[in-house]
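Peer 1: sequence-free structure coming up:
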């Protein structure tokens with residue numbers, strides 16, 4: 001078991017170096033004349049090795065793994081944001097990531113990001129609970145959490161379980177406005193069917209991207225459309 005942990009740590013270190021170089025050193029990221037693009041860190045929950053050398057796949061119900069649904073939606077969100085002119089960086093692109101929770105949150109400061117969004121699914125011991133909740137920690141994250149909660153519940157037709165202030169690791173260590181979305185219950189039979197549906201995932205990703213774009217414009221309503229792609233240099 002000790003050997004497995006050592007190998008995992010060495011692999012994580014090497015992967016971090018390679019990932020950092022390929023992701024952070026991107027010559028097309030900045031425009032000196034117009035400013036810089038909005039940057040989002042998209043965290044697909046789970047997918048790292050635990051202290052026991054096992055891959056954390058999150059909750060598993062009805063043969064569906066939380067980590068698989070989270071990465072599917074994260075990739076769709078990345079594409080939706082990029083269509084709107086954002087730079088969207090994911091903390092993992094497949095089943096495995098070398099980043100622990102703190103490292104994921106710290107990415108926001110390493111790339112001078114504007115926002116951090118973590119995607120998860122909720123779970124309970126029985127199949128009754130359902131609905132969506134958005135978690136935050138810092139007060140600067142609260143407006144985005146409220147906006148995201150309201151718009152996702154309305155757009156996706158999910159029960160509103162409220163906005164929750166909670167000291168989750170990825171939220172407390174993030175240096176920018178950060179939220180964690182519990183996009184329904186994987187333990188609920190009806191919701192897990194929706195969560196694994198491609199059309200539902202597309203709709204959820206689009207709603208998240210639209211909401212982040214609204215928030216980036218500095219508005220918490222839909223009275224005026226906006227499409228920010230370039231942010232003035234700070």
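Peer 2: Yep, it's here. Quick caveat, the model's predicted, so the values are computed rather than measured.

Peer 1: name the helices or strands packed onto the helix or strand where residue 170 lies?
Peer 2: The secondary structure element spanning residue 170 is helix 169-172 (assigned by DSSP states H and E). In terms of contacts (3 or more C-beta pairs under 8 Å, 6 or more residues apart in numbering; DSSP states H and E), helix 169-172 is packed against helix 101-110, strand 115-122, strand 178-185. All C-beta spots, glycine's among them, are computed from the backbone N, C-alpha and C.

Peer 1: count of neighbours near residue 189?
Peer 2: For residue 189, the tally of surrounding residues (other C-beta atoms under 10 Å) stands at 12.

Peer 1: Could you do residue 198 as well?
Peer 2: 9.

Peer 1: tell me the contacts of it?
Peer 2: Shown here is residue 198, which makes no contacts under the criterion C-beta atoms under 8 Å, 6 or more residues apart in numbering.

Peer 1: Let me know the distance separating residue 107 from residue 170.
Peer 2: The spacing between residue 107 and residue 170, counted by C-beta to C-beta, to the nearest Å, is 10 Å.

Peer 1: Ok, residue 104 next?
Peer 2: According to C-beta to C-beta, residue 104 and residue 170 sit 6 Å apart.

Peer 1: Need the overlap of contacts for the two.
Peer 2: Overlap between the contact sets of residue 104 and residue 170, as judged by C-beta under 8 Å, 6+ apart, is given by 43, 118.

Peer 1: Which residues lie in contact with the residue nearest the centre of the chain in this structure?
Peer 2: The residue lying closest to the centre of the chain (C-alpha atoms, centre = their mean) is residue 118, at 2.8 Å. Going by C-beta under 8 Å, 6+ apart, residue 118 touches 43, 45, 104, 170, 171, 178, 179, 180, 181.

Peer 1: Nearest to residue 76, out of those residues: which one, please.
Peer 2: The shortest distance between residue 76 and any of those, using C-beta to C-beta, involves residue 181 and amounts to 13.3 Å.

Peer 1: Any idea what the closest one is bridged to?
Peer 2: Listed by DSSP bridges, the beta-bridge partners for residue 181 are residue 119, residue 134.
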